[in-house]
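*Asks:* give me the fold of what follows.
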Amino acid sequence: MKTKDLWFILALIAFFAPFFIFDQVYDTYKTINAEHGMMMSFVKFAILATLGESIGLRIKAGKYNYKGFGLIPRAIVWGVLGVGIKASFIIFTAGGIALLSYFGIENAALILAGDLSWGKILVAFTISASMNLIFAPVFMTFHKITDTHILNNGGSIAGFFKPINFKEIFPSLNWKVQWNFVFKKTIPFFWIPAHTITFCLPVEWQILFAAFLGIVLGVILSIASRMSQ
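*Replies:* Below you'll find the predicted structure:
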């Protein structure tokens, strides 16, 4: 571990410690989270998922940031994606419960809101599987396109707001890695189980836990990048 890693860890501890030490800070967080869910989703993903990308970069290239990486544009993208993820949680929770109701499980919503049980795990798995099989591939592909757009424009904020050249970026993606690793391996073996746990949590903790999973995503992306090289 190098000195910069130690400072990085200390900075993280200093940032998150007040939420665990001071009740007032934690209560304020819960209030804002309850009243402004979409806004907080933007903030959580902008901070935590971007943090994950920075850690992934450290694993891949030995540094947390570099000129052209575009840390701020990436944070903006993650914030917007965080709002989309919050919306997808609402949509697929309702849809998963409706699907189970169609198959005769009428009290799926009550089961999900209750204590941990095999029934709750089944409901959470149904929501997670439907979300990750339908929404996640589009989400992951769009995220890869925005990453490429940021890098193509030197990581600058001005370049980030240029129109995205979808017709050139889309076919240039490494579809071998995107399909064989990101889709075929991470979705069934990581994201579906991870989000099954997410939907077993109380609603107020779900987006925060999902944002923490963004840190894991940063590591996964660094592995995918190494594979593509």
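*Asks:* any regions of this protein where pLDDT drops low?
*Replies:* Across the chain, the ranges flagged by pLDDT under 70 are 1, 218, 221-229.
*Asks:* what separation do you get for the residue lying farthest from the centre of it and A113?
*Replies:* Distance from the C-alpha centroid of the chain peaks at G104, with 32.1 Å (CA atoms, centre = their mean). G104 sits 19 Å away from A113, taking CB to CB, to the nearest Å as the criterion. The way it works is simple: take the backbone N, C-alpha and C, and place the C-beta from them, glycine included.
*Asks:* ok, now Y64?
*Replies:* 40 Å.
*Asks:* can you check G62 too?
*Replies:* Counting by CB to CB, the gap from G62 to A113 is 46 Å.
*Asks:* Y64 and A113 - which one has more neighbours?
*Replies:* Y64 (18 against 12; other CB atoms under 10 Å).
*Asks:* verify the contact between that one and S54 for me.
*Replies:* Yes - counting by CB atoms under 8 Å, Y64 does reach S54; the two are 4.7 Å apart.
*Asks:* pull the longest helix from the protein.
*Replies:* The single longest helix within the chain, with elements called by DSSP state H, is helix 71-102.
*Asks:* buried stuff in the helix or strand following that helix?
*Replies:* Note on helix 71-102: by DSSP states H and E, the next helix or strand toward the C-terminus is helix 108-113. The neighbour-count check on helix 108-113 (16 or more other CB atoms under 10 Å) flags A108, A109, I111, L112 as buried.
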